[in-house]
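In: A structural model of the following input is requested.
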Amino acid sequence: MLYSLNVIQGNMIIAAAAILVILGLLSCENEVYLQSNVVDPTRIVASSIADKKFNVARFETFGPQPEQVYGYVLYDDDADMRTTGAPLAKLGKMNLKEVLDDYDKTRRAKGWYRASSPVIREVLRGGNLIALTASDDMLDVHLWEDKALSENENKVIIILTYDDRRTADRAVKPGV
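Out: Below is the predicted model:
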C-alpha cells in the first residue's frame, strides 16, 4: 500500500510539472494569428474605406514558377509591416482603389496574364480592422502580430507569411 501511494504521488508530481511546462510554453507565445475575412470587392470599393489612405506594402512570391504572384497589404500608421523572407516593397500611402490599379499595372508589366481579379480580405485584431490584403486567388495571405516586438516598439508589428497554391510550388516547400 505504501508503494502505491508513492507511485501515485510521483505521478501527481510529474503531471503537475507537465502542466507547468505547458502553461509556460503557452505564455511565451509571441505571434498571434490575425483573423481575416474575404470581402465582396464591389461592396468594399463602393464604401468609404476604399478612399482611405493606408500604408501599402507589395510582396511577391519566389520560386520555380516562370512568373511570380503579387499581393498587397494595406495597414494604418499605428502598425508596421515585416516579413520572414518574401521580397517586400513599401509603396507609401495609397487607397484601395490605387492599390487595385497598381495590381493591374504590375500584372501587365510583368506579363502575369493568368492573374485572377484580386481577392480582398479584411484583417481584424480584437474585432477592429487592422489591415486589408489584396492578392491573386492562388495566394493564401496570413498576417500575424508579433506581441514582443509590438510591446518594444509601441506599435502593432504585423508579420506577413503566405502560401503559394500553384501546382509546381507544391513540390517545393510552399510559402514563406
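In: residues contacting residue 90?
Out: Counting by C-beta atoms under 8 Å, 6 or more residues apart in numbering, residue 90 touches 55-57, 81. In short, each C-beta sits where N, CA and C put it, glycine included.
In: so of those, which ones are in strands?
Out: 55-57, 81 (DSSP state E).
In: of those, grab the buried ones for PyMOL.
Out: A single PyMOL command selects the buried members of those (16 or more other C-beta atoms under 10 Å):
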select buried, resi 55+56+57+81
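In: stretch 43-55: end-to-end distance?
Out: Terminal residues of stretch 43-55 are spaced 21 Å apart (C-alpha to C-alpha, to the nearest Å).
In: with stretch 114-131 instead?
Out: Terminal residues of stretch 114-131 lie 26 Å apart, using C-alpha to C-alpha.
In: ok, now stretch 52-67?
Out: Using C-alpha to C-alpha, the end-to-end distance of stretch 52-67 comes to 31 Å.
In: residue 123: which of the ones in strands among the contacts of residue 90 is nearest?
Out: residue 81 (11.4 Å; C-beta to C-beta).
In: so that closest one bridges to which residues?
Out: residue 158 (DSSP bridges).
In: what's the pLDDT at the closest residue in space to residue 32 that isn't next to it in sequence?
Out: Computed as C-beta to C-beta, 6 or more residues apart in numbering, the closest residue to residue 32 that is not its neighbour in sequence is residue 145, at 4.8 Å. Residue 145 is assigned 95 on the pLDDT scale.
In: quick check: beta-bridge partners of the residue nearest to the spatial centre of the chain?
Out: For the chain, the residue nearest the mean C-alpha position is residue 143 (1.7 Å; C-alpha atoms, centre = their mean). Legend: beta-bridge partners of residue 143 under DSSP bridges are residue 160.
In: I figured it hits residue 133, correct?
Out: Yes. With contact defined as C-beta atoms under 8 Å, residue 143 reaches residue 133; the gap is 7.2 Å.
In: shared neighbours of those two, which are they?
Out: With C-beta under 8 Å, 6+ apart as the test, residue 143 and residue 133 both reach 36, 73, 123.
In: beta-bridge partners for the first one, please?
Out: Put plainly, it is residue 36. With DSSP bridges as the rule, residue 36 is bridged to residue 123.
In: distance of it relative to residue 60?
Out: 19 Å (C-beta to C-beta, to the nearest Å).
In: same deal with the second one?
Out: Summarising the geometry, the distance separating residue 73 from residue 60, computed by C-beta to C-beta, is 12 Å.
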